[in-house]
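Engineer: Take this sequence and fold it.
(chains A and B)
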Amino acid sequence: SQTIHQWPATLVQPVGSPLSLECTVEGTSNPNLYWYRQAAGRGLQLLFYSVGIGQISSEVPQNLSASRPQDRQFILSSKKLLLSDSGFYLCAWSVPTGRDEKLFFGSGTQLSVL
Amino acid sequence: QQQVKQSPQSLIVQKGGISIINCAYENTAFDYFPWYQQFPGKGPALLIAIRPDVSEKKEGRFTISFNKSAKQFSLHIMDSQPGDSATYFCAATRAIFGNEKLTFGTGTRLTIIP
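Structural biologist: Numbers count the residues shown, from 1 in each chain, chains lettered A, B, ... in the order given. Sure thing, here's the model as predicted:
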């Protein structure tokens, strides 16, 4: 069966510090991978998605970047965190079927930038 | 930007009652409408989804009602239980575009009281 691992679960970082969140998927090949951010009381905002190794699409201009060094590994990074980067970050994956794709989320990382 | 408007923002229902969450969309090209359920500190999980060729889809106590002419769809939870207390997100997309074009509503926090 397929599983998604996302870590850490909680992170407190000072403003200006770097960030690296990692996500790995097991039990599937060539998944589409996604990074979402969920601000308190708001919906899910797509930050990045990837259809293959080294292929990253960004949905919104921001202080963050993403990389996909391996087929089932997706990394969210920042060189210098801002207060506004605080939020709940979710990694997700799907199998590209071209129709009614199901999206599977990880358990999330609660990031607090102080 | 294509929006999906979700209401209410929060909902309190007595155990055994019917919970109803509503969503409205703008883009008539949308043809896939999933609902996600999220428990505190966890990632969302796909609950149920519908395509516009049917007006209703039922899975256990969960039913999606779809009104294509009004561009509205709703989630009904029958015989609501305390374990249903969670945040619910509606979403919409054109199925051929996949999840990178999935537009989420802002979420409804549902609380079921004894």
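
Engineer: alpha carbons only for contacts and neighbour counts from here, please
Structural biologist: Fine.

Engineer: leaving aside the residues next to it on the chain, what's closest to B:D79?
Structural biologist: B:G16 (4.0 Å; CA to CA, 6 or more residues apart in numbering or on different chains).

Engineer: Just read off the phi/psi values of that neighbour.
Structural biologist: Per-residue torsions, B:G16: phi 90, psi -10 (degrees, to the nearest 10).

Engineer: near chain B, which residues of chain A show up?
Structural biologist: Counting by CA under 8 Å from any CA of the partner chain, the residues of chain A close to chain B are A:34, A:41-46, A:49, A:90, A:94, A:96, A:98-108.

Engineer: what's the distance between the residue nearest to B:D79 and chain A?
Structural biologist: Using CA to the nearest CA, to the nearest Å, we find B:G16 at a distance of 26 Å from chain A.

Engineer: hang on, that residue packs against B:I77?
Structural biologist: No: B:G16 lies out of contact with B:I77 (CA atoms under 8 Å); the separation is 9.6 Å.

Engineer: more crowded one of the two?
Structural biologist: B:I77 (21 against 15; other CA atoms under 10 Å in any protein chain shown).

Engineer: is that one in a bridge, and if so with what?
Structural biologist: For B:I77, the beta-bridge partners are B:S19, B:F62 (DSSP bridges).

Engineer: give me the number of residues near B:F30?
Structural biologist: Neighbour tally, B:F30, other CA under 10 Å: 21.

Engineer: what's the closest non-adjacent residue to the residue of chain A found nearest chain B?
Structural biologist: The minimum distance from chain A to chain B, using CA to the nearest CA, falls at A:G43 (3.9 Å). Using CA to CA, 6+ apart and skipping residues adjacent in sequence, the residue nearest A:G43 is B:T106, 3.9 Å away.

Engineer: Tell me the secondary structure at the one you found.
Structural biologist: coil (DSSP: H, G, I helix; E, B strand; the rest coil).

Engineer: With B:K42 instead?
Structural biologist: Following three-state DSSP, B:K42 is assigned to coil.

Engineer: how far away is the residue nearest to it when sequence neighbours are not counted from A:W93?
Structural biologist: Among residues not flanking B:K42 along the chain, A:S107 sits closest, at 4.7 Å (CA to CA, 6+ apart). Distance of A:S107 to A:W93, computed by CA to CA, to the nearest Å: 12 Å.

Engineer: Which one's more surrounded, the two?
Structural biologist: When neighbours are counted by other CA under 10 Å, A:S107 and A:W93 differ, and A:W93 comes out ahead with 30 against 24.
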